[in-house]
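Novice: fold the following.
(chains A and B)
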Number of protein chains: 2
Amino acid sequence: MKFKKIIYARKFDGNPKVSDFEVVEYHVADDLKDDEFLYEALYISCDPYLRLLAHTYVVGETSIPGYQLSKVTKSNNRKYPVGSILVLNVGWRSGGISNGSDVLYIRNDLPSNVPLSAGMGIFGMTGLTGYYGVDRVLRPKSGDTLLVSGAAGAIGSVVGQIGKILGCRCIGSCGSEEKIKFVKSIGYDDAFNYKTESVTEALQRLAPEGVDCYFDNVGGDFASQVLSHMKKRGRVAVCGAVSSYNATEPARALIMQPMMFLKSIVMEGFNIFDDIPPHADEMYAVLRKWAEEGKLKQYEYVTEGIESLPSTFIGMLQGKNLGKTVVKI
Amino acid sequence: MKFKKIIYARKFDGNPKVSDFEVVEYHVADDLKDDEFLYEALYISCDPYLRLLAHTYVVGETSIPGYQLSKVTKSNNRKYPVGSILVLNVGWRSGGISNGSDVLYIRNDLPSNVPLSAGMGIFGMTGLTGYYGVDRVLRPKSGDTLLVSGAAGAIGSVVGQIGKILGCRCIGSCGSEEKIKFVKSIGYDDAFNYKTESVTEALQRLAPEGVDCYFDNVGGDFASQVLSHMKKRGRVAVCGAVSSYNATEPARALIMQPMMFLKSIVMEGFNIFDDIPPHADEMYAVLRKWAEEGKLKQYEYVTEGIESLPSTFIGMLQGKNLGKTVVKI
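Specialist: Next up is the predicted model:
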């Protein structure tokens, strides 16, 4: 069998360029050993953290990592029979052979009212990360004001919906008028464009009594400035820092410590690798129920073909997407 | 009665100067009303946070705030009879009249093996802050590695002792060879001079397996760099940010978010005003017991006379003190 994968061909210098990637063909054996199965990619996930990890990539060698939703097309593994829908941690490749060690989640039982790609979106890394950050890190009370940066992105579009389900007043920050319209359409109570309005102006206007919970996807000065508008004992879920991922120098920002101790603020970092696995099944059951009830929806920006992964990734880092960015293979 | 107080006479520009302060005499009535008492200052506390608060001071008006240990010399208040030893929140003044609303702690029962000033040191704001930060915020397990910045300062000299009592391996950061010698003499297992050795070099040498808990008194790039040397799920108690207090521009530092989410680090700010009062009595009982057992000692840098407060304060901000800075009145 012949597949394609994307490798890291040239060192990123600031914003990645399409020429920094290379599409490579490769063959896999026709025979499967015991416990092996053949999978074919259905959707590949395009996530900002892949830019952050670039310092670990080896030019000319590293195959870009990441998650995909795949279908098992041939199998010697009873746990994953032909037809299984799996979330695999195998990177940007159109298919291959696995012995099961790459399997993150089985998603054979997706609700009928969501697109298949939701297996990797609201029911995959994105949904689990958003849910964990709100429910386990921020732990809002009903009526709390929840601020979300990157509100129109993959995680942000989930966090706003979950915040509303849990009874929060949700305020989103995003980078265009189109995105403001989008986040309001998916349930956010309010939103502002951080490119045309300062954090201070926006939060004095939208949260004059202060922010209880802040779900941080961007970091940088934005995050530092938010602290001045939080209530005492406010909580921050530190999920991403996309404002710094393309930086060519170590990123700097206004210090946060004085606001943290003056207001007894707690900031808690978390990630999909270490924090979520023990809770993944239990959280999936809740997300699935919400989706079946129509309360939680998959919003996505879909491109097609493995060759479009680099340009799709670059566009996402520039904020072109609304919701989760996926490439249909 | 005639007393003296210190007022904010000229706006600080970076490092405060002695000429930014003015000593002013004032009179208080000879007669006490119901519930009033007359107090005379014994020791006045000199703390870095008073520099941080300077943006709230009004030139020519604000009497410098802060804590003092006082003796009641005349009283119409049954709760505070003559001879009472109190910690009062009345600022830099040699005495005055209070109706009791300024009383933070009663310290009539100090152990016999500590100096009187300990009422405001290990048994006052300093001790309570250090104990709260270690025991309630960091919650170390026995055997944990505890890093403390500003280790030779008021809070740092308490935190290292408490860390040792709770079974931690304590590493101190400070700014001179004399201070390294000092902090090792009071119980720290190791110490380094951040002015002559980078955080990375020092922690690769002293904590190659990583830091479990970090008690942060300094903030800035130091704090950001520590995160790279913490273990997964490490905890940071955010107590102070002295590196920024004299800054003339809003202080900036390397961003912390990526290390926070990659390692699931929790940073928690806390302060003496909001967090400690409900626990103060219970914590004092423990600190008192430790002092009686000889496990916890007051280390202090003492100057004399209310007129010396400005120069003592300036010296402390420059790091001249070992332990708690107090002015004997």
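
Novice: near chain B, which residues of the stretch 201-329 of chain A?
Specialist: Residues of the stretch 201-329 of chain A lying close to chain B (C-beta under 8 Å from any C-beta of the partner chain) are A:216, A:219-220, A:223, A:232-233, A:238-241, A:244, A:250-271, A:274-275. (Glycine included, C-beta is placed from N, CA and C.)

Novice: now, of these, which are buried?
Specialist: Buried members of these, scored by 16 or more other C-beta atoms under 10 Å in any protein chain shown, are A:216, A:219-220, A:223, A:238-241, A:244, A:251-271, A:275.

Novice: can you name the next helix or strand after the least confident helix or strand in chain A by mean pLDDT?
Specialist: Scoring the helices and strands of chain A by mean pLDDT, DSSP states H and E places helix A:49-52 at the bottom, with a mean of 93. Per DSSP states H and E, the first helix or strand lying C-terminal to helix A:49-52 is strand A:68-75.

Novice: packing partners for that following strand?
Specialist: strand A:37-45, strand A:85-88 (3 or more C-beta pairs under 8 Å, 6 or more residues apart in numbering or on different chains; DSSP states H and E).

Novice: which among those strands is found nearest to chain B?
Specialist: Closest approach to chain B among the helices and strands packed on strand A:68-75 (C-beta to the nearest C-beta): strand A:37-45, 17.6 Å.

Novice: quickly run through the sheet partners of that closest one, with directions.
Specialist: strand A:68-75 (antiparallel), strand A:95-98 (antiparallel), strand A:324-328 (antiparallel) (DSSP bridges).

Novice: how far away from the center of its chain is the least confident helix or strand of chain A?
Specialist: 11 Å (C-alpha atoms, centre = their mean, to the nearest Å).

Novice: among the residues of the stretch 201-329 of chain A next to chain B, which lie within strands?
Specialist: Mapping these onto strands (DSSP state E) picks out A:Asp216, A:Lys232, A:Arg233, A:Val238, A:Arg252, A:Ala253, A:Leu254, A:Val266, A:Met267, A:Glu268, A:Gly269.

Novice: unless I'm mixing things up, A:Leu322 is touching A:Tyr299, no?
Specialist: Yes - with contact defined as C-beta atoms under 8 Å, A:Leu322 reaches A:Tyr299; the gap is 6.5 Å.

Novice: now do the shared contacts for the two.
Specialist: Common neighbours of A:Leu322 and A:Tyr299 (criterion: C-beta atoms under 8 Å, 6 or more residues apart in numbering or on different chains): A:Ser157, A:Phe182.

Novice: follow-up on the earlier one: could you dump the strands paired with strand A:37-45 to a markdown table with distance to A:Val18 and mean neighbour count?
Specialist: Output for these, formatted as a markdown table (distance: least, C-beta to C-beta, whole Å; neighbours: other C-beta atoms under 10 Å in any protein chain shown):
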| stretch | distance to A:Val18 | mean neighbour count |
| --- | --- | --- |
| strand A:68-75 | 20 | 22 |
| strand A:95-98 | 23 | 21 |
| strand A:324-328 | 14 | 25 |
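
Novice: would you reformat the ones you listed as a markdown table and include mean pLDDT?
Specialist: Shown next, in a markdown table, are these (pLDDT from 0 to 100):
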| stretch | mean pLDDT |
| --- | --- |
| strand A:68-75 | 98 |
| strand A:95-98 | 97 |
| strand A:324-328 | 97 |
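
Novice: those strands into TSV, with extra columns for distance to B:Phe313?
Specialist: Shown next, in TSV, are the strands paired with strand A:37-45 (distance: least, C-beta to C-beta, whole Å):
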stretch	distance to B:Phe313
strand A:68-75	61
strand A:95-98	65
strand A:324-328	55
